[in-house]
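K.L.:
Need coordinates for the below:
(one chain, ligands or ions: 1)
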Amino acid sequence: MVDLTEHSDPRGKLTVVEPGKEVDFEIRRAYYIHHVPAGAERGAHGHRRLRQLIVAVHGSFEVVVDDGYASARFVLDDPSRGLYVGPMVWRDMVAFAPGTVGLWLVSEPYDESEYYRDYDEYLRDARAIA
Ligand code: TYD
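P.N.:
Below you'll find the predicted structure:
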């Protein structure tokens, strides 16, 4: 989990993510997820190269990460904290609260060939490099 830089004053809060400060990769793409129906689960993939910071800018959800050997569950419910996820990590996003907006800041342009969508293929490669 990464603590983001927050500027708070009587007008509210402003949170910053800047390469070289809160993240150590160049941000080359951003996307956000919203209007997630109750019970829907997302993710179910891994990346060969991509690095990312995930922030629940509103609401909450959970990210389950798996490196091929062990898994861990992170609750994202604070817009001033993000979850860094590196390459070769399988992830699932679950338990979206109604109205949640999740922001992804990522290191690569969209490239479907860079994804693992098949868990067995991911597991084979993740264990081969470990
Ligand atoms: P998907 O990877 O299934 O989303 P999630 O990781 O939240 O489960 O992506 C949903 C769709 O959006 C899929 O058709 C691919 C497309 N997409 C893009 O075209 N560009 C992007 O930058 C991203 C992240 C997804």
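K.L.:
May I see the buried residues of stretch 54-61?
P.N.:
Buried residues in stretch 54-61, counted by 16 or more other CB atoms under 10 Å: 54-57, 59, 61. Any C-beta I mention is one placed from the backbone N, CA and C, and that applies to glycine too.
K.L.:
for the chain, what spans make up the strands?
P.N.:
In the chain, the strands defined using DSSP state E lie at 2-3, 5-9, 12-16, 29-33, 42-47, 52-58, 61-66, 71-76, 81-85, 90-94, 101-106, 115-116.
K.L.:
Quick one: closest of these to the ligand.
P.N.:
For the ligand, the closest of the strands of the chain is strand 42-47, at 3.5 Å, according to CB to the nearest ligand atom.
K.L.:
Spell out which parts of this protein neighbour the ligand.
P.N.:
Contact residues (CB under 6 Å from any ligand atom) of the chain with the ligand: 29, 31, 33, 42-43, 110.
K.L.:
Hmm, V23 and L53 touching each other?
P.N.:
Yes - L53 is within contact range of V23, at 5.2 Å (criterion: CB atoms under 8 Å).
K.L.:
any shared contact partners between those two?
P.N.:
Common neighbours of L53 and V23 are listed as 2, 17, 84, 105 (criterion: CB atoms under 8 Å, 6 or more residues apart in numbering).
K.L.:
Among those, name the buried ones.
P.N.:
Neighbour counting with 16+ other CB under 10 Å marks 17, 84, 105 as buried within the shared contacts of L53 and V23.
K.L.:
Where does the prediction get shaky in the chain?
P.N.:
The chain contains residues with pLDDT under 70 at 130.
K.L.:
Show me the residue sitting in the middle of it in space.
P.N.:
Centrality entry for the chain: nearest residue to the mean C-alpha point is I54, 3.4 Å, by CA atoms, centre = their mean.
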